[in-house]
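Peer 1: no sequence on this one, just coordinates:
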């Protein structure tokens, strides 16, 4: 059991709210959301159920908070990109890079998001937000193609699914790589996505 | 209930073995392997448990068969690639293309494989085979880099994880795309992987 050293909200001893949410996300990912009870979470934290309810309203509110953290990171990246001046190409590069960073920063929450199947209003709301994000990403790929900076022979929606499918695949293996830093990872994803693996032919001099 | 029109093995009426395995894979993917019983499978098929045991030895043997189908497809692609003459670059392209085809052909089995966490000897054996496949893919990327046909500034193991992470992401969204054919999909994955999204500068004429 990890004890929290900062004072808890309202002066109660034990875990703060962030620690409860983090433990809930880890437990949902390990056991599955449906199979996890507030009692399981209390046992995991080594506290009583009422201590958990001191911090959170319900199991579903924990899920909502976790999903909002994952979705908010990606939505913020898209908002930043909309506010940015310049070519769609540069905005798309930034979004791809930022999505890798969000995934590394919030890996447990994104893992949970990617497993959501729409079994409750909270999950269906998360899926709606995901679909909006996917549509906006595809539109950004299409805009970059239309301005002539991306190749025109590939379908923007398919490209968008593949690129962000690659980014999302990180949840499966990133933690196991240990020493890999987020910058190297983001650089590699961006280079692979835009330039591809083929050795570049030298510029004519 | 889908009735099988071909005569069943040993003259029994009802489903053939392939239909039982297919129904088991679908059920494992939907409910989770641990939460699925042979009784659930019998109910799904509309037959008795003993009719299921007529075709299969145990729940674990169904899992083993499903995982073997997914792994076998990828292993065969690598064997073909080893037997092929020519540059590592061409062999890698073929393996990337073939892995997309295997995933499309055997999507339910590959989906099951990607969710395996090593909870039983069958699952641990599947994970060992997956690790061997991953290592061989990374070695093929490294060979292509060493022959000078792939860019040398990216880590082969990381590249391999990202490319096959992209391919594996298909299990999450391919079925939902409906009309997309396997050839277009494989072409797009190969082009994106090797050439990238950037518009190509015209060849000097």
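Peer 2: Yes, it's here. Being a predicted model, the structure only gives us computed values, none of them experimental.
Peer 1: Got the phi and psi for the residue nearest in space to the middle of chain A?
Peer 2: Using Cα atoms, centre = their mean, the residue of chain A that lies closest to the mean C-alpha position is residue A:110, 3.6 Å off. Main-chain torsions, residue A:110, degrees, to the nearest 10: phi -70, psi -40.
Peer 1: ok, it to residue B:19 distance?
Peer 2: To residue B:19, residue A:110 is 37 Å away according to Cβ to Cβ, to the nearest Å. In this view, the C-beta of every residue, glycine as well, is placed from N, C-alpha and C.
Peer 1: From residue B:134, how far off is the residue nearest to the centre of chain A?
Peer 2: 22 Å.
Peer 1: what are the ranges of the helices in chain A?
Peer 2: Using DSSP state H, the helices found in chain A span residues A:17-31, A:38-45, A:49-55, A:59-83, A:88-105, A:107-114, A:121-146, A:156-173, A:182-195.
Peer 1: now the first one against helix A:156-173, angle please.
Peer 2: Right, helix A:17-31. Calculated by axes from the mean of the first three to the mean of the last three Cα atoms, to 10 degrees, helix A:17-31 forms an angle of 100 degrees with helix A:156-173.
Peer 1: Let me know whether residue A:185 touches residue A:105 as I believe.
Peer 2: No: contact criterion Cβ atoms under 8 Å: residue A:185 and residue A:105 do not qualify, at 11.8 Å.
Peer 1: higher neighbour count, these two?
Peer 2: residue A:185 (23 against 12; other Cβ atoms under 10 Å in any protein chain shown).
Peer 1: Can you report how many residues lie near the residue lying closest to that one once chain neighbours are set aside?
Peer 2: Once flanking residues are discounted, residue A:185 sits nearest to residue A:100: 5.8 Å by Cβ to Cβ, 6 or more residues apart in numbering or on different chains. Neighbourhood size, residue A:100 [other Cβ under 10 Å]: 23.
Peer 1: ok, and what's touching stretch A:73-90?
Peer 2: Stretch A:73-90 is contacted by residues A:91-92, A:94-95, A:98-99, A:102, A:105-106, A:110, A:129, A:133, A:136-137, A:140, A:143-144, A:146-147, A:149-150 when judged by Cβ atoms under 8 Å, 6 or more residues apart in numbering or on different chains.
Peer 1: Pull the contacting residues for residue A:97.
Peer 2: Applying Cβ under 8 Å, 6+ apart to residue A:97 gives the contacts A:186, A:189-190.
Peer 1: Need the pLDDT of the residue nearest to residue A:185.
Peer 2: Residue A:100 carries a pLDDT value of 96.
Peer 1: now it: how far from chain B?
Peer 2: With the distance defined as Cβ to the nearest Cβ, to the nearest Å, residue A:100 ends up 10 Å from chain B.
Peer 1: Isn't that residue up against residue A:184?
Peer 2: No: between residue A:100 and residue A:184 there is no contact under Cβ under 8 Å: 10.3 Å.
Peer 1: re earlier: let's have the contacts of residue A:97 in CSV, adding neighbour count and distance to chain B.
Peer 2: Below are the contacts of residue A:97 laid out as CSV (neighbours: other Cβ atoms under 10 Å in any protein chain shown; distance: Cβ to the nearest Cβ, whole Å):
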residue, neighbour count, distance to chain B
A:186, 19, 11
A:189, 23, 6
A:190, 18, 10
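Peer 1: How about the contacts made by the nearest residue to residue A:64 once chain neighbours are set aside?
Peer 2: Nearest in space to residue A:64, with sequence neighbours left out and distances taken as Cβ to Cβ, 6+ apart, is residue A:122 at 4.7 Å. If you count contacts by Cβ under 8 Å, 6+ apart, residue A:122 has them with A:60, A:63-64, A:67.
Peer 1: if I read this right, residue A:103 contacts residue A:169, doesn't it?
Peer 2: No: judged on Cβ under 8 Å, residue A:103 makes no contact with residue A:169 at a distance of 9.7 Å.
Peer 1: Neighbour count: these two, which is higher?
Peer 2: Between residue A:103 and residue A:169, counted using other Cβ under 10 Å, residue A:103 has the larger neighbour count: 27 against 23.
Peer 1: gap between that one and residue A:73?
Peer 2: Between residue A:103 and residue A:73 the distance is 8 Å, computed by Cβ to Cβ.
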